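S.K.: Provided below are the primary sequence and the corresponding predicted coordinates.
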Amino acid sequence: KQKETELHYLKELLQGKEEHNQSLKALVEAKQSEIKDLREKLTRSQEKLQQKKEEIKELRDELIKSSSELSQKRKQITALESERDSIISENRKVVFEQELRLKKKFEADLSIERDSRARESDEYQQKVKEKEEEKIADISDKLQALEARINQLREQAESQPNLPTDPL
């Protein structure tokens, strides 16, 4: 009877061990399934991460390219502004020199005219005096017209920098 009891006890123990093994197997299978799910999630996350890295690299490359283009455009603008300023300066210089030459020429012409008239006789001088005044008035009118033209050219030179309409 004792053997029977031992046998019965051992059967129960064996059955308990089998149930324990079954529950351990089920637990292992559940953990393996969980590990598989986690690995799949990890793979998807790594793929998303790689995709984001590629997007960041593309954006960085785009930013570098845009920055380079912007820098190049700034250099072009600076060069064109410098060229424009140089042209304006040269135009002003040319206008000033033309104005100075014209004034000196007219002043010399007036001086020569006055000197030649002064040398003539008093009688002839009286007749010529009226003509001289007319000539002086005419020269003065021409001088004023030339000064007006010079001022107009100066204003045009300052308002038109002679740059291309669309440098970029």
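M.R.: Looks like it arrived, so ask away. Numbering: from 1, shown residues only.

S.K.: helix or strand right after the longest helix anywhere in the chain?
M.R.: For the chain, the helix with the greatest residue count under DSSP state H is helix 2-119. Note on helix 2-119: by DSSP states H and E, the next helix or strand toward the C-terminus is helix 122-159.

S.K.: what's the angle between the longest helix of the chain and helix 122-159?
M.R.: Helix 2-119 and helix 122-159 are oriented at 180 degrees to each other (axes from the mean of the first three to the mean of the last three CA atoms, to 10 degrees).

S.K.: now for helix 2-119, which elements pack on it?
M.R.: With contacts taken as 3 or more CB pairs under 8 Å, 6 or more residues apart in numbering; DSSP states H and E, helix 2-119 sits against helix 122-159. Glycine gets a C-beta too; all of them are placed from N, C-alpha and C.

S.K.: What mean pLDDT does stretch 9-25 get?
M.R.: Mean per-residue pLDDT for stretch 9-25: 91.

S.K.: do stretch 81-98 as well
M.R.: On average, stretch 81-98 scores 92.

S.K.: C-alpha coordinates for it, PDB please?
M.R.: Output in PDB follows, covering the C-alpha atoms of stretch 81-98 (Å, rounded to 0.1, in the frame of the first residue of the first chain):
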ATOM      1  CA  GLU A  81      26.900  97.400 -57.500                       C
ATOM      2  CA  SER A  82      30.600  98.100 -57.600                       C
ATOM      3  CA  GLU A  83      30.500  98.300 -61.400                       C
ATOM      4  CA  ARG A  84      27.500 100.600 -61.300                       C
ATOM      5  CA  ASP A  85      29.200 102.900 -58.800                       C
ATOM      6  CA  SER A  86      32.300 103.000 -61.000                       C
ATOM      7  CA  ILE A  87      30.300 103.900 -64.100                       C
ATOM      8  CA  ILE A  88      28.400 106.600 -62.200                       C
ATOM      9  CA  SER A  89      31.700 108.000 -60.900                       C
ATOM     10  CA  GLU A  90      33.200 107.900 -64.400                       C
ATOM     11  CA  ASN A  91      30.100 109.600 -65.900                       C
ATOM     12  CA  ARG A  92      30.200 112.400 -63.300                       C
ATOM     13  CA  LYS A  93      33.900 112.900 -64.000                       C
ATOM     14  CA  VAL A  94      33.300 113.100 -67.800                       C
ATOM     15  CA  VAL A  95      30.400 115.500 -67.400                       C
ATOM     16  CA  PHE A  96      32.500 117.700 -65.100                       C
ATOM     17  CA  GLU A  97      35.500 117.700 -67.400                       C
ATOM     18  CA  GLN A  98      33.200 118.600 -70.400                       C
END
